[in-house]
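Participant: just need the structure, nothing else, for what follows:
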Amino acid sequence: MLGLLGWCTGITFYPEQVGIGVPQAVVGDEAQSFCYNVRESMAQLATTNNTFDGTILIPSDGHSFGQARDQYASVTFAQAMAPSVIVLVESESDVQAAVKFASQCEYSVSIRSGGHSYLGTSSCDSSKGQCLQIDVTGLNIREILPAQAKIGPGNRLRDAAEFLKQNGRFVPTGECPGVALGGHMQTGGFGLFARHFGPFVNRVGGFRIVLADGEVHDIVTPSEETSTLNDDIFYAVLGGASGSWGVVTEMTLNTIADEDFFSVYWKLGYWWDTPEDTEGIVNMMRTFSEMANEKIDDTRWSIHASVVGAKNLPGLGNRIQLEFSWVAPMEQKDEYDFDFFQKIDSACTGCTRFRYINVTEPLSQIWRHRYLRTLIDETTGREFPLPYTRSMQSLQAIPQPDGMESIVRATAALMPGRFSPHFVISQITTINEANINRALPWQQDKIGITLDYFYIPPTEWVIDHEQRALNFAKVLRDASDGEDHRMYWAAFDNPVMEKDWPKYFDNEEKFRRLQGIKQKYDPTNIFQNKMSIPMPTEGELDLATAANMQAINGTATTTNNSFFDQEECAVGSLVESCTETS
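Facilitator: Numbers count the residues shown, from 1 in each chain. Have a look, this model is predicted:
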């Protein structure tokens, strides 16, 4: 069956494209030649000895071009993922040359680092205009500093984690080891340890970025001494719609030392094949809801649940896996609450456990128990080489027991039987407030729940798979407060940002401020994708300008926007060295 699905190929095939064309706005023979001869022109624009170190691919390069554009979303959005040019950069100078070329020849730019771009926002559609995809996979520097690390955007989570482990350091990240840090740093990075330390975006203390002017800018954590440009870009890049602002070439992470924290990790796995299994899992998750809401202010515990529905694939089955962590400063290690996790485990009455791990190890060591994903295609990040639909909700509160039960039963209804034409992956992650100095939305929410729903064509002719995913999202909203909170990285249902922004940003002031920043630093909208910040219309321009001025003057009323936050401080987290000034 896997062979029929193309499991081993890792390549998605596209309709043939011919030529890259020349933008209509370019005039004169010399200008036309410059824009047509992409390779030679980028070498001219390179800032290092007129040498372009990267690789430039166009559709006539055939298989190489097809491989370079294939990614997670290709199976579902193949027609819309067709760049005119793909630039595989190897240096910061390469990035500058590519951006300058795009500006001079009127190409839009999308940016890819690798991983889960579910809607294909790291690619572009040349049928709607000439577009260039910059791939930063080759920017993978790794350098340790006192209390920090310099990391390139092309590094995968597992590579960064292993590097930090060798140096006794740690940063919290998301859950999928093959995701690269370039997009991850701009969209959150929610995982098991986010409840303790905030998401990955919290650990970014600065970065280097090539903006639309083609120049490199060193961006640092805002202070009273930093410039308006610095503060605007820091705020916008860290949570304000990835790919809208420029190309990040390097980031500086504020790391956590193993020696400062006591950490315990549990992993429990249960089969989910029978009605009796469902009842046990319902009871377990109700117990979790009760205990979590009772201890909601204690950020030393965290839970992450993963569901895999693959009973229709030999050797996989339907299952749920729970991961628990308890993390505290070393002086609090004697307060470890073993009973908290034990009670949740014992509540799964009648369940059949297939995995049990319980270790007390340094934070940086724990990742080796976590990144054991046998389903994932290492080339594209896909769990299954199939079309998919999905949904995701960020909830203001952990659902009460009845609400949690409704979520479990809705998940059970989606679990495949032996001959079902679909597969399911769902995750539940407890989270904590993120840093107040970033544009990341929904920073007050407490839990995130996702659904990835893969289906075998052409069953979509008789089964409305997309509606099943949307119905699941409604169950999630109904189990909480009914509000529709979505995350950029987990976008679904073909959003149009001009009208759907209230689902992705927690207030209008934040969205308008981002539009103002976009207008100021990318006035010709070079950096764009289907989810990027839209340019303000004439009627919106005053709102965007006013929101920017409020932020600059320190009078913005936006929640979680204390503008000068010099420490990397996650409100309510375990990081104690935080000083807020507003």
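Participant: can you list the low-confidence ranges for this protein?
Facilitator: 1-30, 48, 371-381, 433-436, 555-582 (pLDDT under 70).
Participant: mind doing that once more with 80?
Facilitator: Within the chain, the ranges that satisfy pLDDT under 80 run 1-32, 47-50, 115, 368-383, 432-436, 541-582.
Participant: how does it divide up, domain by domain?
Facilitator: 2-135, 261-490 (automatic domain parsing).
Participant: reformat those domains as a markdown table; add mean neighbour count.
Facilitator: For the C-beta atoms, the positions are set from N, CA and C on the backbone; glycine is no exception. Formatted as a markdown table, the domains of the chain follow (neighbours: other CB atoms under 10 Å):
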| stretch | mean neighbour count |
| --- | --- |
| domain 2-135 | 19 |
| domain 261-490 | 19 |
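Participant: dump those to TSV, plus distance to residue 240.
Facilitator: As requested, the domains of the chain are exported to TSV (distance: least, CB to CB, whole Å):
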stretch	distance to residue 240
domain 2-135	14
domain 261-490	3
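Participant: which among the ones you listed is found nearest to residue 546?
Facilitator: domain 261-490 (16.9 Å; CB to CB).
Participant: wait, a strand at residue 365?
Facilitator: No. Under DSSP: H, G, I helix; E, B strand; the rest coil, residue 365 sits outside any strand and is assigned helix.
Participant: residues contacting the closest residue in space to it that isn't next to it in sequence?
Facilitator: Counting by CB to CB, 6 or more residues apart in numbering, residue 165 is the residue found nearest to residue 365 once chain neighbours are left out, at 6.4 Å. Contact partners of residue 165, counting by CB atoms under 8 Å, 6 or more residues apart in numbering, are 364-365, 367.
Participant: residue 367 versus residue 165, what's the distance?
Facilitator: From residue 165 over to residue 367 the distance is 7 Å, taken as CB to CB, to the nearest Å.
Participant: repeat for residue 440
Facilitator: The value you get for residue 440 to residue 367, if CB to CB is used, is 23 Å.
Participant: where does the closest residue to residue 138 other than its chain neighbours land in three-state SS?
Facilitator: Distance criterion CB to CB, 6+ apart; nearest residue to residue 138, sequence neighbours excluded, is residue 90 at 4.4 Å. With three-state DSSP as the basis, residue 90 sits in coil.
Participant: contacts only, for residue 90.
Facilitator: 53-55, 138-139.
Participant: okay, these in CSV with secondary structure next?
Facilitator: Below are those laid out as CSV (three-state DSSP):
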residue, secondary structure
53, coil
54, coil
55, strand
138, coil
139, coil
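Participant: now the residues you listed as TSV including distance to residue 536?
Facilitator: Converted to TSV, the contacts of residue 90 look like this (distance: CB to CB, whole Å):
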residue	distance to residue 536
53	37
54	34
55	36
138	35
139	31
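Participant: for those, which two are the farthest from each other?
Facilitator: 55 and 139 (13.4 Å).
Participant: gap between residue 355 and residue 307?
Facilitator: 14 Å.
Participant: shared neighbours, the two?
Facilitator: residue 321.
Participant: now the residue lying closest to residue 305 once chain neighbours are set aside: which helix or strand?
Facilitator: Nearest non-adjacent residue to residue 305, counting by CB to CB, 6+ apart: residue 428, 4.2 Å away. Assigned by DSSP states H and E, residue 428 belongs to strand 422-430.
Participant: what about that strand, distance to the chain center?
Facilitator: 15 Å (CA atoms, centre = their mean, to the nearest Å).
Participant: and for stretch 522-539?
Facilitator: Offset of stretch 522-539 from its chain centre (CA atoms, centre = their mean): 21 Å.
Participant: which residues does that stretch contact?
Facilitator: 80, 99, 102-103, 107-111, 119-124, 211-212, 236, 240-246, 488, 491, 495, 497-498, 511-512, 514-519, 543-544.
Participant: repeat that for stretch 286-301.
Facilitator: So stretch 286-301 is in contact with 195-196, 303, 324-328, 332, 335, 337, 340-341, 343-344, 347, 397-401, 403-405, 430, 432, 446, 572-574, going by CB under 8 Å, 6+ apart.
Participant: and that stretch, how far apart are its ends?
Facilitator: End-to-end distance of stretch 286-301: 17 Å, with CA to CA, to the nearest Å as the criterion.
Participant: what does stretch 63-80 give?
Facilitator: With CA to CA as the measure, stretch 63-80 spans 18 Å from end to end.
Participant: likewise stretch 33-42?
Facilitator: Taking CA to CA as the criterion, the two ends of stretch 33-42 lie 12 Å apart.
Participant: ok, now stretch 110-127?
Facilitator: Start-to-end, stretch 110-127 (CA to CA) is 15 Å.
Participant: now find how far off-centre that stretch is within its chain.
Facilitator: Relative to the mean C-alpha coordinate of its chain, stretch 110-127 is positioned 12 Å out (CA atoms, centre = their mean).
Participant: for residue 341, which non-adjacent residue is closest in space?
Facilitator: residue 324 (4.7 Å).
Participant: neighbouring strands for the helix or strand where the one you found lies, and are they parallel or not?
Facilitator: Following DSSP H and E, one finds residue 324 within strand 317-329. Here strand 317-329 has these sheet partners by DSSP bridges: strand 261-271 (antiparallel), strand 301-310 (antiparallel).
Participant: let's have those strands in TSV, adding distance to residue 66.
Facilitator: Formatted as TSV, these follow (distance: least, CB to CB, whole Å):
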stretch	distance to residue 66
strand 261-271	38
strand 301-310	28
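Participant: any idea which of these gets closest to residue 133?
Facilitator: Nearest of the strands paired with strand 317-329 (CB to CB): strand 301-310, 31.0 Å.
Participant: mind checking how far stretch 152-161 is from the chain centre?
Facilitator: The answer for stretch 152-161 is 13 Å, by CA atoms, centre = their mean.
Participant: can you list contacts of that stretch?
Facilitator: 113-115, 136-142, 151, 163, 170-171, 173-174, 176-185, 248-251, 364, 367, 371.
Participant: narrow those residues to those in strands?
Facilitator: Taking DSSP state E as the definition of strands, the contacts of stretch 152-161 contribute 142, 151, 170, 248-251.
Participant: wait, which of the residues you listed is closest to residue 72?
Facilitator: Distances from residue 72 to those, taken by CB to CB, are shortest for residue 248, at 19.6 Å.
Participant: was I right to think that closest one contacts residue 209?
Facilitator: Yes. Using CB atoms under 8 Å, residue 248 is in contact with residue 209, at 5.1 Å.
Participant: overlap in contacts, these two.
Facilitator: residue 237.
Participant: give me the more crowded residue out of the two.
Facilitator: Neighbours per residue, other CB atoms under 10 Å: of residue 248 and residue 209, the larger number sits with residue 248, 26 against 23.
Participant: helix/strand/coil for residue 241?
Facilitator: Going by three-state DSSP: residue 241 is coil.
Participant: for it, which residues are in contact?
Facilitator: Residue 241 neighbours (CB under 8 Å, 6+ apart): 488, 497, 504, 514, 531-533.
Participant: could you export those residues as TSV, including secondary structure and distance to residue 257?
Facilitator: As requested, the contacts of residue 241 are exported to TSV (DSSP: H, G, I helix; E, B strand; the rest coil; distance: CB to CB, whole Å):
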residue	secondary structure	distance to residue 257
488	helix	31
497	helix	40
504	helix	35
514	helix	34
531	coil	36
532	coil	37
533	coil	36
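Participant: can you put those residues in a markdown table and add distance to residue 284?
Facilitator: A markdown table is the format used below for those (distance: CB to CB, whole Å):
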| residue | distance to residue 284 |
| --- | --- |
| 488 | 31 |
| 497 | 39 |
| 504 | 32 |
| 514 | 41 |
| 531 | 36 |
| 532 | 41 |
| 533 | 41 |
